[in-house]
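>>> Let me see the structure of the following:
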Amino acid sequence: MNDKNNPSATQPAIRNLVPIGAGELRALLARIPNARVAVLGDFCLDIYWFADTTRGEVSVETGLMTQPVQAQRYSPAGAGNVVANLVALGCRHVSAMGVLGDDPWGREQVRILRSLGVNTDDLLTQSANWDTLAYHKPHLDGREDNRFDFGSFNVLADAVADELLLRSRARIVQSDVVIINEQVRQGILSERLRAGLVKLIAANPRCIFVVDSRHYSECFTGACLKINGHEAMRLCGEPQDLKVDVLRVDVLGAAEALVARLGKPVVITRGSRGLVVCDTNGICEIPGTQVLGRVDTVGAGDSVLSGLALGLACGATLEVAAQLGNFVATVTIQKVNQTGTATPEEVMAVGADCDYVYRPELAEDPRQACYHAGTEFEIVNPQTFGKRRITCAIFDHDGTISTLREGWEKIMEPVMVRAVLGARYATADEALYHRIVNRVREFIEKTTGVQTLVQMEGLVALVREFDCVPASEILTAQGYKKVFNDALMTMVSARVEKLRCGELSPEDFAIKNAIRFLQHLHAAGVRMVLASGTDQEDVIDEAKAMGYADLFAGGIYGSIGNVHHEAKRVVLDRILRDLGPAGIAGLATFGDGPVEMRESHKRGGYAVGIASDEIRRFGLNPAKRARLIRAGADLVIPDFSQLDQLLELLGFA
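Numbering: from 1, shown residues only. Alright, predicted model coming up:
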């Protein structure tokens, strides 16, 4: 950000991210137990009381209805959540430093932290003018009600600040990394304590300090900053509306400006859009991750902070440490109604083969689209454009070539809604019905393109979430898949029969010019493979009915009823083994779903997204375009109607 008053004036150079491999991630996680981490900050407590008003009664004393608490849960928040994340990740040497009140919430905080094996010797108690920071979050009949906050009127005593600084001086020399975590203005970072900490940071250059402060980041000039986009813009003198996402170019400019000013690394979180990391070596972007189910972002920043700090404590580079933080947050946001933590096993499950979200700004704003001259071909990745000679091509089936299954969503939605409501389908009140319909539609939108069995696993989770069906009556994913497939195949079989009897032709169920495109590639000697999320027997039968099964000399692959056997992923892996490192340059994948785009992108193939309108069988589907770009498509086309231009672009003219 060269122009202080215009964050968008220039776009700094960005270095390519080198994703951490599974082996490197495993080795990093193995070093965590020996890391020594001190956390100084605002130790808060989240209090969850789950009330069931059906058991309520009128109070004799007040005449008001009681709210019977069915369940209660207490979990560390703020710096306490950071500590909980550190411990869950396997760190055995964690020290907590802060101030609590002489109250039940403070005692509960200490009890929880000690049960985690945390050193609480430096958690001080201030009896006067201080309440433990606690947030009571009552839930009434499954709905979160207004929160009750404790600690909003705290004033840190100078004597307590001095004692905390004295203890910090001793703790720093014993630590690999010190985290300073500030949550509220009424927390421990008084002016006196801030000034003392800045001096300690300057006096201990060998220790790594990571600061996550909502209100005082600018004070800690000697530490690595972990901030969000809005905090970054505020520090650069350009505060923005908290309800609006900060533009990517502004985040990049802010990162560069802050590093130039502070001389220390800066990590800027962007929510679902990932992270930006910057140090004196330049800027690197870490994409957000794809999450299919419900998310709860409470505590996500603490998760990033914990992973980042542990990575740095274990000797990782800034980029690798930030990736670890990204993986930790990906795990914890999927733990709903709790400030979740992540274990090393959960982090490995996410990080070993991570599904990233690419170019979210472009995906959400078609005005930024760049087209090949005279065509409807959107160039998403200019670096790979026109640089491939295709020798092997993998095709998705439904929506890419065939529309025999067009309308599956309209069948899946009522199947899922009926499954979630069970016997209450006819009697559920309107509010519950529409809440379930909206959740089902959201889930189908997120999971379009993945195996049906994966979607049915998600359906099992939805059935459990709404708790309308007794546990003994909930089907397995395979059971729900059969219900859906039976309904779907009634429609598909009728269409196939019309093909076989000649009432309709393959062109009536094909994306515009798709079959001609296949024929051209086959004639050019391209080895073609069909890989679908549809059951294998069904996709083979449908390809035969459409008349192009014989063009796929590389084979036809589909789902075999195993959620861990993703046909497109397996085929890509096998082709890579056959081609070797040199042959990957000739691989292209064509599909209308995120799975094939993402898997091809990971492996270095050329990903061509088909953003098809399956009803018209030609023209652009904007929703598909967005999904394909997020999944890593290099090129997006609406159909194969501009056949000559496409063949020329791909080197077959």
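
>>> close enough to count as contact, residue 358 and residue 627?
No - Residue 358 lies out of contact with residue 627 (Cβ atoms under 8 Å); the separation is 11.1 Å. The C-beta positions use only the backbone N, C-alpha and C, and glycine is treated the same way.

>>> so where is the chain shaky, pLDDT-wise?
1-12, 337, 386-387, 561-568, 582 (pLDDT under 70).

>>> Spit out the contact partners of the residue most central in space within it.
Nearest to the geometric centre of the chain sits residue 289, at 3.4 Å (Cα atoms, centre = their mean). Contact analysis of residue 289 by Cβ atoms under 8 Å, 6 or more residues apart in numbering lists 274, 326-327, 330, 350, 354-357.

>>> From residue 17, how far off is it?
13 Å (Cβ to Cβ, to the nearest Å).

>>> How about residue 325?
In terms of Cβ to Cβ, residue 325 sits 14 Å off from residue 17.

>>> higher neighbour count, those two?
More crowded of residue 325 and residue 17, by other Cβ atoms under 10 Å: residue 325, with 30 against 16.

>>> contacting residues for the residue lying closest to that one once chain neighbours are set aside?
Counting by Cβ to Cβ, 6 or more residues apart in numbering, residue 307 is the residue found nearest to residue 325 once chain neighbours are left out, at 3.4 Å. Neighbour list for residue 307: 85, 89, 321, 324-329, 347 [criterion: Cβ under 8 Å, 6+ apart].

>>> would TSV of these with distance to residue 181 and secondary structure be doable?
As requested, the contacts of residue 307 are exported to TSV (distance: Cβ to Cβ, whole Å; DSSP: H, G, I helix; E, B strand; the rest coil):
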residue	distance to residue 181	secondary structure
85	11	helix
89	16	coil
321	16	helix
324	17	helix
325	14	helix
326	18	helix
327	20	helix
328	15	helix
329	15	helix
347	20	helix
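
>>> which of the residues you listed tops the neighbour count?
When neighbours are taken as other Cβ under 10 Å, the top entry among these is residue 328 (33 neighbours).

>>> I'd like the distance between residue 548 and residue 538.
The gap separating residue 548 from residue 538 is 15 Å, by Cβ to Cβ.

>>> contacting residues around the closest residue to residue 514 other than its chain neighbours?
Once flanking residues are discounted, residue 514 sits nearest to residue 401: 4.5 Å by Cβ to Cβ, 6+ apart. Each residue near residue 401 by Cβ under 8 Å, 6+ apart is listed here: 395, 510-511, 514-515, 518, 546, 548.

>>> Now list the buried members of the residues you listed.
Taking 16 or more other Cβ atoms under 10 Å as the criterion, what is buried in these is 395, 510-511, 514-515, 518, 546, 548.

>>> Which of these sits closest to residue 452?
residue 395 (18.4 Å; Cβ to Cβ).

>>> so what's the nearest residue to that closest one once chain neighbours are set aside bridging to?
Excluding its sequence neighbours, the residue lying closest to residue 395 (Cβ to Cβ, 6+ apart) is residue 590, at 5.0 Å. Beta-bridge partners for residue 590, by DSSP bridges, are residue 395, residue 608.

>>> Just give the number of residues close to residue 590.
27.

>>> Let me see the contact set for it.
So residue 590 contacts 393-396, 400, 596, 608, 610 (Cβ under 8 Å, 6+ apart).

>>> can you count the residues close to the nearest residue to residue 158 once chain neighbours are set aside?
Nearest residue to residue 158, sequence neighbours excluded (Cβ to Cβ, 6+ apart): residue 192, at 5.7 Å. By the criterion of other Cβ under 10 Å, residue 192 has 16 neighbours.

>>> What about residue 192? Give its phi and psi, please.
The phi and psi values for residue 192, taken as degrees, to the nearest 10, are phi -60, psi -40.

>>> Verify the stated contact: it with residue 159.
No - at 10.1 Å, residue 192 and residue 159 do not qualify as touching, with contact defined as Cβ under 8 Å.

>>> in stretch 430-437, what counts as buried?
The neighbour-count check on stretch 430-437 (16+ other Cβ under 10 Å) flags 433, 436-437 as buried.

>>> CA atoms only: put that stretch into PDB for me.
Coordinates of each C-alpha in stretch 430-437 appear next as PDB, following Å, rounded to 0.1, in the frame of the first residue of the first chain:
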ATOM      1  CA  GLU A 430     -45.000 -24.400   9.100                       C
ATOM      2  CA  ALA A 431     -42.000 -22.800  10.700                       C
ATOM      3  CA  LEU A 432     -40.300 -26.200  11.300                       C
ATOM      4  CA  TYR A 433     -41.200 -27.300   7.800                       C
ATOM      5  CA  HIS A 434     -39.700 -24.300   6.100                       C
ATOM      6  CA  ARG A 435     -36.600 -24.400   8.300                       C
ATOM      7  CA  ILE A 436     -35.900 -27.900   7.200                       C
ATOM      8  CA  VAL A 437     -36.600 -27.100   3.500                       C
END
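
>>> Residues touching it, excluding its own?
Contacts for stretch 430-437 (Cβ under 8 Å, 6+ apart): 413, 417, 420-421, 428, 462, 466.

>>> Where do the domain boundaries of the protein fall?
1-29+229-263+265-353, 35-54+65-223, 360-403+510-649, 408-500 (automatic domain parsing).

>>> how far does stretch 205-220 sit from the chain's center?
Taking Cα atoms, centre = their mean, to the nearest Å, one finds stretch 205-220 lying 26 Å from the centre of the chain it belongs to.

>>> can you give me the helices in the stretch 201-350 of the chain?
Per DSSP state H, counting those that start in this stretch, the stretch 201-350 of the chain carries helices over the ranges 229-235, 248-262, 300-313, 318-332, 344-351.

>>> how about the ones you listed, which one is nearest residue 644?
Taking these one by one with Cβ to Cβ, helix 248-262 is closest: 36.0 Å.

>>> returning to that earlier point: would you mind giving the buried ones among the contacts of residue 401 as JSON lines with distance to residue 490 and secondary structure added?
As requested, the buried ones among the contacts of residue 401 are exported to JSON lines (distance: Cβ to Cβ, whole Å; three-state DSSP):
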{"residue": "395", "distance to residue 490": "26", "secondary structure": "strand"}
{"residue": "510", "distance to residue 490": "21", "secondary structure": "strand"}
{"residue": "511", "distance to residue 490": "23", "secondary structure": "coil"}
{"residue": "514", "distance to residue 490": "25", "secondary structure": "helix"}
{"residue": "515", "distance to residue 490": "25", "secondary structure": "helix"}
{"residue": "518", "distance to residue 490": "28", "secondary structure": "helix"}
{"residue": "546", "distance to residue 490": "19", "secondary structure": "helix"}
{"residue": "548", "distance to residue 490": "24", "secondary structure": "coil"}
